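>>> Let me see the structure of the following:
(one chain, ligands or ions: 2)
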Amino acid sequence: MDKLLIEGGSRLSGEVAVSGAKNAALPILCAALLTAEPVTFTNVPQLKDIGTLLALLAQMGVKVAREGDSVTLDASGLDNPVAPYEMVKTMRASILVLGPLVARCGEAKVSLPGGCAIGARPVDQHIKGLQAMGADVRVEHGYVHANVPRLKGARLFTDMVTVTGTENLMMAAALADGETVIENAAREPEIVDLANCLVAMGARVSGAGSDVIRIRGVDRLHGATHRIMPDRIETGTYLCAAAATGGSVRLTGTSSSYLDAVIDKLMDAGCEVVSERDAIRLSAPERLNAVSLRTAPYPAFPTDMQAQFMAINCVAQGVAMIRETIFENRFMHAVELQRLGADIRIDGNTAVVQGVERLQGATVMATDLRASASLVVAGLVAEGETVIERIYHLDRGYERLEAKLAALGARVRRLG
Ligand SMILES: CC(=O)N[C@H]1[C@@H](OP(=O)(O)OP(=O)(O)OC[C@H]2O[C@@H](n3ccc(=O)[nH]c3=O)[C@H](O)[C@@H]2O)O[C@H](CO)[C@@H](O)[C@@H]1O
Ligand SMILES: C=C(OP(=O)(O)O)C(=O)O
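Residues are numbered from 1 along each chain as shown. Ligands and ions are numbered 1, 2, ... in the order given. Here you go, the predicted structure:
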């Protein structure tokens, strides 16, 4: 099984290009199920999750053509609206086929998803929304079964802000009969990117980016071309890596406009951050100041950056309080960071991190995607060698991680 070997101590410097966003590409590729015409996507990242989703779509009868960062999907032959457990168990986002399949085929059988082990992650809100739109939805033997002649527009309210829930219901509503209003909608930039793609396909969507999204259903959608937005979490991860090492980097093909909360914290930590049109520059001080934070739905601080900030706080000056409010089990990186010499105390959903002068390299285990990213950041500043095991998690979400880090001067290599 692959491992990552990092020799800590290099200050990151130089320029690296950010890839397309995993969490935008996954729902947007599913949107191709809504039309019988080909849809072309560009800036699609080369990630394990994307490969898994494309294989899933292919076994449903979708023709997949991939060249570099471009993917064309032709769902004219869609004949098997089923997502089997074996194909979806590693990926939570597979639930995103549910809404489009029900809307286009009137039926779907989708395995309950897997994903990171960061919490229970039920899909009750997705199901409740489809039921409110007239679908008969049952969960049996680990599968969601949904049937309906045609979905009907409805007023939907989710109990909590859910990103993939909002996306699933938006896609379902695009082909429903009449108007759907999603209240308490997620406001993440990936929702806006999906809405832009749906609109390019002929959907009538307004309000994406606010907490009320209106979708007026149409009879059919058509082909389109859509460029996936930059990955704001990959961007944030490289900013943290540079910050932790006292480095100075320029990230291209990305934008600070999706990252206000993260950049604000990096500046509080003492970094200088300059936004350019399609790039971000960061210069870090010799030692960062500790920064406290609380995760919450966008535009607040993203849970997907919590682990990386825990890593930078491990070597910062002072004490940081980190509160995780989205997922109930998202501190698994803390024990691994402790193996590197970090001083972290967990109390319920709060982690108290007392910065130490230095971390020491050790063998650690990646437990989920962003936990793995935090271990990479910590490994880059630790003295000596850090070996990260189970890096298949990283391959779900970071394109060419070793090559990008090496381009910034990190000493990192994959061990087979
Ligand atoms: C592929 C993708 O885009 N993944 C992102 C998405 O995950 P995902 O969309 O799965 O996360 P949600 O926004 O749905 O989850 C938010 C909270 O709501 C709960 N919940 C959600 C749905 C539901 O039906 N019932 C329910 O109880 C979840 O368990 C969690 O506690 O948003 C998360 C929160 O920003 C990010 O960490 C993930 O990276
Ligand atoms: C939790 C994440 O991914 P997923 O929702 O696909 O498990 C993530 O991207 O940090």
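>>> contacting residues around the residue lying farthest from the centre of the chain?
Within the chain, the residue lying farthest from the chain centre (C-alpha atoms, centre = their mean) is P149, at 32.7 Å. Contact partners of P149, counting by C-beta atoms under 8 Å, 6 or more residues apart in numbering, are G106. (Glycine included, C-beta is placed from N, CA and C.)
>>> Give me the neighbour count for the residue of the stretch 201-350 of the chain found nearest ligand 2.
Residue nearest to ligand 2 within the stretch 201-350 of the chain: D304 (4.0 Å; C-beta to the nearest ligand atom). D304 has 25 neighbours, counted by other C-beta atoms under 10 Å.
>>> any idea how far the residue farthest from the centre of the chain is from A135?
For P149, the distance to A135 equals 10 Å [C-beta to C-beta, to the nearest Å].
>>> quick one on the thing from earlier: in a strand, that's where the residue of the stretch 201-350 of the chain closest to ligand 2 is, yeah?
No - going by DSSP: H, G, I helix; E, B strand; the rest coil, the assignment for D304 is helix, not a strand.
>>> That one touches S374, doesn't it?
No - counting by C-beta atoms under 8 Å, D304 does not reach S374; the two are 11.0 Å apart.
>>> related to what we said a few turns ago, who's in contact with the residue of the stretch 201-350 of the chain closest to ligand 2?
So, once contact is read as C-beta under 8 Å, 6+ apart, D304 ends up touching 23, 233, 236, 370.
>>> For F157, state which of those is nearest.
Nearest to F157 among these, counting by C-beta to C-beta, is N23 at 23.2 Å.
>>> one step back: which two in the contacts of D304 are spaced the farthest apart?
N23 and G236 (12.4 Å).
>>> The two: which is more packed in?
G236 (28 against 24).
>>> Next, that one: secondary structure please.
On the basis of three-state DSSP, G236 is classed as helix.
>>> Identify the residues contacting it.
Contacts of G236 (C-beta under 8 Å, 6+ apart): 259, 262, 302, 304-305, 308.
>>> and which of those residues is nearest L156?
P302 (23.9 Å).
>>> And that closest one, how far from D49?
18 Å.
>>> before we move on, what about P230?
P230 is 17 Å from D49, by C-beta to C-beta.
>>> now A176
Where D49 is concerned, A176 sits at a distance of 28 Å (C-beta to C-beta).
>>> Would you map the helices across this protein?
22-31, 48-59, 85-88, 98-105, 124-132, 163-174, 189-200, 232-244, 260-268, 306-314, 332-339, 369-381, 392-397, 401-407 (DSSP state H).
>>> I6: which of those is closest?
helix 369-381 (3.7 Å).
>>> quick one: the closest one to helix 306-314, angle?
20 degrees (axes from the mean of the first three to the mean of the last three C-alpha atoms, to 10 degrees).
>>> Identify the bridge partners of the closest residue in space to V199 that isn't next to it in sequence.
Excluding its sequence neighbours, the residue lying closest to V199 (C-beta to C-beta, 6 or more residues apart in numbering) is V205, at 5.6 Å. Beta-bridge pairing for V205 (DSSP bridges): I215.
>>> V205: neighbouring residues, count only.
Using other C-beta under 10 Å: V205 sits among 22 other residues.
>>> Check S283 too.
17.
>>> Surely it and M267 touch.
No - applying C-beta under 8 Å as the test, S283 and M267 come out as separate, 11.1 Å apart.
>>> ok, which residues in the stretch 101-250 of the chain are in contact with ligand 1?
119-126, 160, 162-165 (C-beta under 6 Å from any ligand atom).
>>> make it 8 Å
Residues of the stretch 101-250 of the chain lying close to ligand 1 (C-beta under 8 Å from any ligand atom) are 115-116, 118-128, 158-167, 186, 188, 190, 233.
>>> Then the stretch 301-416 of the chain?
Residues of the stretch 301-416 of the chain lying near ligand 1 (C-beta under 8 Å from any ligand atom): 302-304, 326-328, 369-370.
>>> What sits closest to L26 if chain neighbours are left out?
In space, L26 is closest to A93, 4.1 Å off (C-beta to C-beta, 6+ apart).
>>> again but with S10, I slipped
Nearest to S10 is G409, by C-beta to C-beta, 6+ apart, at 5.0 Å.
>>> Identify the residues contacting the one you found.
Residues in contact with G409 (C-beta under 8 Å, 6+ apart) are 10-14, 247.
>>> Buried subset of the residues you listed, written for PyMOL?
This is how PyMOL selects the buried members of the contacts of G409, with burial counted by 16 or more other C-beta atoms under 10 Å:
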select buried, resi 10+11+12+247
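>>> pLDDT added to the contacts of G409, as a markdown table?
Converted to a markdown table, the contacts of G409 look like this (pLDDT from 0 to 100):
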| residue | pLDDT |
| --- | --- |
| S10 | 96 |
| R11 | 97 |
| L12 | 98 |
| S13 | 98 |
| G14 | 98 |
| G247 | 98 |
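>>> ok, so of the contacts of G409, who is nearest ligand 1?
Nearest member of the contacts of G409 to ligand 1, counting by C-beta to the nearest ligand atom, is L12, at 24.2 Å.
>>> show me the contacts for that closest one.
Contacts of L12 (C-beta under 8 Å, 6+ apart): 238, 241-242, 245, 247-249, 380, 405, 408-410.
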